[in-house]
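> Structure of the sequence below:
(2 chains)
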Amino acid sequence: MTLPHRAVETPVFMPVGTAGSVKAVPQDVLESLGAEIILGNTYHLYLRPGHEAIRRMGGLHRFISWPRAMLTDSGGFQVFSLSELRKVTDEGVKFRSHLDGSSHFFTPEHSMDVQIALGADIAMAFDECTEYPADRSRAEESLRLTMAWARRSLEHFRAHQDEVPWSENPRSQNRDRGHPQDDMGGLTQSLFGIVQGGMYRDLRRESAERLVEMDFDGYAIGGLSVGEPRDLTMEMIAEVLPLLPADKPRYVMGVGYPDEIEQYARMGVDMMDCVLPTRAARHGLLFTSEGRLTIKNRQFAEDQSPPDPNCDCMVCRRYTRAYLRHLMQAGEVLSGTLNTIHNLAYYLGIMRRVRDSLESEKTVTN
RNA sequence: GCACAGGUGGCCGAGCGGUUAAUGGCAGCAGACUGUAAAUCUGCCGCACCUUGCGUGCUACGGAGGUUCGAAUCCUCCCCUGUGCA
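From the prediction side, this is the model:
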């Protein structure tokens, strides 16, 4: 399958670039690594530098100078991760900014407005990422909210999706400058719905069916990898996947470890994103064909071998474990950069191999 | 030489008569990280031993004596460092 818009082949892994940057790695390096689509975050970009500022600058792609695809998460995950700084009502979520403590009210409509202003290729419905564990009634309540918000997200999005800042768009304000990032060729932004339901199969099923009925451009499975055991994650995905239309992208949010993403991709998941390869890299954990490598460990102090002997990424071709360990010990910023480059290369490599072996029997072109 | 100020565990630095193997920080060692409040967080960090326990023993606050039931903390002498004056 190929994602609509900038023809992204799937299954695909999407590096996370919350605040308009895949931490520690410049865009041109991301391109050379073969990253085809990256994430941005609605909540974070709304707070700083502000979505209207980004709109005025021509949209997210242009602002960060990223010519390939982007997806913005709706802020739904922040409802979960900033649980101590927020208050949820049917209407929306009141956040207290983690930056300065100021109050901000997010509703599905507001999230859509922000995401349209940012103008990523794919926007996400505003949802509540249900925490784990959540008992039955809590999961039901949370799902009720997410489903109501999905409908509101979709309606508002459909009514305003032509307000993206892209040059080809009639309402765009930045059609004059001929920038590579502006080559959107009459594309439209799409919106994905998000399945929730805690760890209850019937709730998951109900969630999926209702979303499909609403007719989104793609579907995500959210609320996973929030602390539950791995087999439960698997079970939920297996339950939901068959209910989602195979001709539209199916995205499992926030996963996972290398073996997980391979497994899910082989099950038919088209898209995945995760902060793990980038965050773990900055913390000194490398994922390799030989397993986890805690590069800061003393044992690598004089190890002249490459991080992963079976990897041909630009880091493994050139640097030794001893050097990477030293950079980590010395607190050099290059440490995070090199570690992240390797981890992303590793993740992207896994997906490339899965794609090759699946030999895209379901190529859908735009 | 005189006058002040100091000498504390690898380093910096608290403590100034008793819950003190000794607050903190750094360095070191190990672990965690899954739609990013994360270049973050957690644990260990004098030595030895074991039944790994808010366990036992030993050593420790420049050195040597002393006061005291008890001293890193008080006294004496000595050594050393910094600053100022000769």
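
> which SS state does the closest residue to RNA strand B within chain A fall under?
At 2.2 Å from RNA strand B, A:Cys129 is the closest residue in chain A, using C-beta to the nearest atom of the strand. Every residue, glycine included, has its C-beta placed from N, CA and C. Counting by DSSP: H, G, I helix; E, B strand; the rest coil, the backbone at A:Cys129 sits in coil.

> Need the pLDDT of it.
A:Cys129 is assigned 97 on the pLDDT scale.

> Touching, it and A:Gly198? I think so.
No: between A:Cys129 and A:Gly198 there is no contact under C-beta atoms under 8 Å: 10.5 Å.

> who touches both of these two?
Counting by C-beta atoms under 8 Å, 6 or more residues apart in numbering, the shared contacts of A:Cys129 and A:Gly198 are A:Gly223.

> Next, the contact list for A:Thr188, please.
A:161-162, A:164 are the contacts of A:Thr188 under C-beta under 8 Å, 6+ apart.

> Quick one: buried ones out of those?
Buried members of the contacts of A:Thr188, counted by 16 or more other C-beta atoms under 10 Å: A:161, A:164.

> just for the stretch 101-250 of chain A, where's the confidence low?
Within the stretch 101-250 of chain A, the segments meeting pLDDT under 70 span A:167-186.

> Return the residues of it in contact with RNA strand B.
Residues of the stretch 101-250 of chain A lying near RNA strand B by C-beta under 7 Å from any atom of the strand: A:124, A:127, A:129, A:194, A:196, A:220, A:222-223, A:225-226, A:230.

> among those residues, which ones are buried?
A:124, A:127, A:129, A:194, A:196, A:220, A:222-223, A:225-226.

> for those residues, which one is nearest A:Leu241?
A:Ala220 (11.6 Å; C-beta to C-beta).

> For that closest one, what are phi and psi?
phi -120, psi 150 (degrees, to the nearest 10).

> ok, for it, nearest residue in space, not its chain neighbours?
Leaving aside its sequence neighbours, A:Ala220 sits nearest to A:Tyr251 (C-beta to C-beta, 6 or more residues apart in numbering; 4.1 Å).

> Am I right that that neighbour is in a strand?
Yes: using three-state DSSP, the assignment for A:Tyr251 is a strand.

> Can you tell me the closest non-neighbouring residue to the residue of chain A closest to RNA strand B?
The shortest distance from A:Cys129 to any non-neighbouring residue, by C-beta to C-beta, 6+ apart, is to A:Phe80 (3.7 Å).

> Might you report the residue contacts of that neighbour?
Contacts of A:Phe80 (C-beta under 8 Å, 6+ apart): A:128-131, A:226.

> residues contacting the spatially most distant residue from the centre of chain A?
Largest separation from the mean C-alpha position in chain A: A:Glu302, at 36.7 Å (C-alpha atoms, centre = their mean). With contacts defined as C-beta under 8 Å, 6+ apart, A:Glu302 is in contact with A:Ala322.

> That one - that's part of a helix, no?
No: A:Glu302 is assigned coil when assessed by three-state DSSP, not a helix.
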